[in-house]
Every structure is written in structure tokens, then in C-alpha cells.
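**Q** Quick one: sequence plus predicted model below, questions after.
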Amino acid sequence: MRSELVRAVRGVLAAVSLLAFVALFLAVEARVTSATVLGGLAAVAVAALFAAAGRSGIRRLLGRGDSGPRGTAERTAEGDAWLDEPVDDTAWTDRSDRAGDDPETDRPLARLEPALDDAWNRWSDAALTLGLAALGVGALVLLATYPGDDPPLGLLLLVAFGINGALVTLPFIFK
């Protein structure tokens, strides 16, 4: 019973961390949020990540954690084992995409998935779906009650991303 409760709390905190990091990324990209809000989002994101994944999750997010088995297992001398092709038949783009130093992991949001991987479970999927649905419905309510004639386009985008994101993640709850 206690281990199920711990798993549920870790899963929900992993989803909260993901949502907070994505909100932080969007707020930084939009450049319309105050530094206090950015700091608050960063604090919530890091605290939830630390509670869900521990110090190893923080290290992975910062790019200092273990790189995992991906870096060494996919490259072989005789060819690309993932594609089951010899070196001469493998396109150079396919080989470089799976090289040991993933260029995608240069971005912090790309390192977030490996950092949360150990704590992610069915509870995370449910919390993510509910969080995205709440974001979409909340933005829809703000859009409907906007006092001016020309509502901000960002609210419409939040409605679309929130509701569509919730619909996309819904099947993961029932797998």
C-alpha cells in the first residue's frame, strides 16, 4: 500500500515538473512574463523534479548524469545494428543521427525526458492529461470572459494546445 502511494506521488510530481518546465519554456519564449513568475515556475519545476527523481534527475537535466546505454550499444564497427545494414549501405545522416553525442540533448527540454524517466508511470499520464485539460479549459474561460474586443492570440493557442494535448495523452492512461 505504501509503495503504491509513493509511486503515485512520484508520478504526479513528475507530471507537475514536466508541466512547469514547459510553462517556463513558453513564458521565456513569449517574453511577456515578469521575473518573479519565471522564478516561481523554475522553483516549482526543480522542486517537483527533485521530489520525483532525486539528485540523479537533476544531474541528468543539467547534462552531468549518466548518458545511458544508448551511446554505446547502437554503434558497431561492422555497421549500424539498429538499421541492420552494413556501413556502406547506411546513409550518413542515419549514422550521425545516432552518434554517441546526441545533439538533441543540448537543449534542457530534451534532457527532461531522461531525467523523469525513472519516476514516470500511469499516474504521471493521468496528471499530465488533467493538467493539459485544465490549461485548455482555463484559457477558454479567460478567452470567453475577455473584456476587450480583440483577445490575445496566446489564449487561443493555449486553448488549442491544452485541449489537443489532453486528447493526445488520454489514451496513455488506459494502456
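**A** Arrived safely.

**Q** C-alpha from now on. contacts and neighbour counts both.
**A** OK.

**Q** Can you pull out the low-pLDDT segments for the chain?
**A** For the chain, applying pLDDT under 70 flags the ranges 65-106, 108.

**Q** if you set the cut-off to 90 instead, what comes out?
**A** Under the criterion of pLDDT under 90, the regions of the chain flagged as low confidence span 1-4, 6, 22-34, 53-122, 139, 142-143, 146-158, 172-175.

**Q** which residues in it form helices?
**A** 2-30, 35-61, 70-73, 92-97, 108-116, 122-144, 153-173 (DSSP state H).

**Q** what would those helices look like in a markdown table with mean neighbour count?
**A** What follows is the helices of the chain, written out as a markdown table (neighbours: other Cα atoms under 10 Å):
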| stretch | mean neighbour count |
| --- | --- |
| helix 2-30 | 18 |
| helix 35-61 | 18 |
| helix 70-73 | 12 |
| helix 92-97 | 12 |
| helix 108-116 | 20 |
| helix 122-144 | 20 |
| helix 153-173 | 17 |
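
**Q** contacting residues for the closest residue in space to L130 that isn't next to it in sequence?
**A** Of all residues beyond its chain neighbours, the one nearest L130 is A166 (6.9 Å), with distances taken as Cα to Cα, 6 or more residues apart in numbering. With Cα atoms under 8 Å, 6 or more residues apart in numbering as the criterion, the residues that contact A166 are 128-133.
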